[in-house]
Each structure stands twice: as C-alpha cells, then as structure tokens.
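Q: heads up, no residue letters with this:
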C-alpha cells in the first residue's frame, strides 16, 4: 500500500516565513507494510519506522560513504599521490558506491520497512 505523507518544514510555523524562499510542504509517497485493516483513500494513518532501521539507513547513507572516502584518502596519501588527486579520487569513489546502493535498492526495500500503526 502506498501512503502519501505531507512533510512540513519547521519554517512553516516561523513568523518570518514570508521573507524566506524555503519550501514549506513536500509530498512523499511511502510504501508501507504490516497492516491487517483495509484503509480508504484520505484516511489518516500513523506510519512508523523502527529506530534500529533508522540507524542502519543513516549508516548506509552517510556513515559508510564517509568511511569509504576517508579510507580512500588515507590510502591515496600513503601511495604518495598528490593532495588534489587524492581528494578527487576519494570523492570519485562515491559514484560507484551510490551506483551499487542503487542496484541493491530492492534488497534495502525488504530490510527497511515502514509500517502502519494499528490504532485501537
């Protein structure tokens, strides 16, 4: 089931939002599982995501790329590559990293699941 989530930034409640160019609302579609009840369009539901899965998602999205860049930078410097080239190589390894993540997106969909919380 797809759930449409309206994300509201903190700027929307700010008193100076008229002077700012930030967008206030963003619509996101999330595929959810773990529900036993049928829901109708427009019905308000609570979508949950386990905290441990959130930590894992942050690791794969931010932590691991940082480790890969740092490791590549250290190796390139140890091989006496110029600093400019070391930096470019370190940033360049992110391209294959994110391509690999893209190809494993279906595996990540199975691991990282949003669920609808049953309201009693």
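A: In hand now; what should we look at? Fair warning: this is a prediction, and the values are worked out from it, not measured in the lab.
Q: Have a look at this protein and report its longest helix.
A: Using DSSP state H, we find that the single longest helix of the chain is helix 64-78.
Q: what about the closest residue to residue 32 other than its chain neighbours, how many residues close to it?
A: Using CB to CB, 6 or more residues apart in numbering and skipping residues adjacent in sequence, the residue nearest residue 32 is residue 114, 4.5 Å away. Every C-beta, even on glycine, is put in place using the N, C-alpha and C of the backbone. Neighbour count for residue 114, taken as other CB atoms under 10 Å: 17.
Q: circling back to that earlier point, give the rounded mean pLDDT of the longest helix of the chain.
A: For helix 64-78, mean pLDDT is 94.
Q: which other residues reach the helix or strand that comes right after it?
A: Following helix 64-78 in sequence order, the next helix or strand is helix 83-92 (DSSP states H and E). Applying CB atoms under 8 Å, 6 or more residues apart in numbering, the contact partners of helix 83-92 are 69, 70, 72, 73, 76, 77, 81.
Q: Also stretch 27-34?
A: Contact with stretch 27-34 is made by 1-7, 47, 109, 113-116, as judged by CB under 8 Å, 6+ apart.
Q: now the host helix or strand of residue 3, how far from the centre of its chain.
A: Per DSSP H and E: residue 3 is located in strand 2-8. Distance of strand 2-8 from the chain centroid (CA atoms, centre = their mean, to the nearest Å) equals 15 Å.
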